[in-house]
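**Student:** What would the 3D arrangement of this be:
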Amino acid sequence: MTEREQAPEPVDDVDAVTQAVLTASRLLVAVSARSLATAEDRVTLPQFRLLVVLSTHGPAKLVALADRLGVNPSTAMRMMDRLIASGLADRQVNPANRRETVLRVTDDGARLVDEVTARRRAEIAAVVARMLPEQRTAMVEALTAFNQAGGEPKVTETERVLYPLGWTDGQAQETRS
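**Tutor:** Here you go, the predicted structure:
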């Protein structure tokens, strides 16, 4: 058995696991930054996140959108104004209540989200493909346990297709009612 094929010793050291997760998060942040690099002349990372939220949840009122992003409504509005100016989002009268305005992603904005997500998925897949099959299995098990410990709900097959970045919650219904 070569050194690469030997099973690693079990790690029950919180600090060692924490360091490994921090290192992996650094890689994922780099992948995220590279996937967005071709669009950075059009959108910042926070603006992209706003587009993802609108893309996955559909049209939203400003307060609901700000809540999902964890920002003040004034911050969300400034981001929206920039996205509207660049043609990536727009405002519409709420068909359910004509006194309200809802914010939505445009077709151009949705295309941008799809392109960035596809680049991110491809780069992550290339990294994962360089791992041994048993390492990939162990990674799925470890990340599933990590997500459960962190309170992240399991992704269904439908969500895997509809919400590729994982930003889902029950609030999608809230904007439609």
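**Student:** So, low pLDDT: which residues of this structure?
**Tutor:** 1-11, 155-177 (pLDDT under 70).
**Student:** where along the chain do the strands fall?
**Tutor:** 89-93, 101-105 (DSSP state E).
**Student:** most packed of those?
**Tutor:** Sort those by mean neighbour count, taking mean count of other Cβ atoms under 10 Å, and strand 101-105 sits at the top with a mean of 20. Yep, even glycine has a C-beta here, placed from its N, CA and C like the rest.
**Student:** if we look at that strand, which residues are touching it?
**Tutor:** 51, 54-55, 58-62, 65, 80, 88-94, 113, 175 (Cβ atoms under 8 Å, 6 or more residues apart in numbering).
**Student:** ok so, going back, indicate which one of the strands of the chain is closest to R130.
**Tutor:** Proximity to R130, assessed across the strands of the chain by Cβ to Cβ, is greatest for strand 101-105 (33.9 Å).
**Student:** angle of that closest one against strand 89-93?
**Tutor:** 150 degrees (axes from the mean of the first three to the mean of the last three Cα atoms, to 10 degrees).
**Student:** And strand 101-105, how far out from the chain middle?
**Tutor:** 19 Å (Cα atoms, centre = their mean, to the nearest Å).
**Student:** Take it, keep the C-alpha atoms, and write them as PDB.
**Tutor:** C-alpha atoms of strand 101-105 as PDB (Å, rounded to 0.1, in the frame of the first residue of the first chain):
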ATOM      1  CA  THR A 101     -43.300  47.400  -5.600                       C
ATOM      2  CA  VAL A 102     -41.500  44.100  -6.000                       C
ATOM      3  CA  LEU A 103     -37.900  43.700  -7.100                       C
ATOM      4  CA  ARG A 104     -36.900  41.000  -9.500                       C
ATOM      5  CA  VAL A 105     -33.900  39.700 -11.500                       C
END
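**Student:** Can you tell me how far M79 is from L50?
**Tutor:** According to Cβ to Cβ, to the nearest Å, M79 and L50 sit 5 Å apart.
**Student:** and T75, what does it touch?
**Tutor:** So T75 contacts A66 (Cβ under 8 Å, 6+ apart).
**Student:** cool, R34 as well?
**Tutor:** R119, E123.
**Student:** what do you get if the cut-off is 7 Å, keeping everything else the same?
**Tutor:** E123 (Cβ atoms under 7 Å, 6 or more residues apart in numbering).
**Student:** burial measure for the nearest residue to F48 once chain neighbours are set aside, as a count.
**Tutor:** Once flanking residues are discounted, F48 sits nearest to L36: 5.9 Å by Cβ to Cβ, 6 or more residues apart in numbering. Per other Cβ atoms under 10 Å, the neighbour tally for L36 reads 19.
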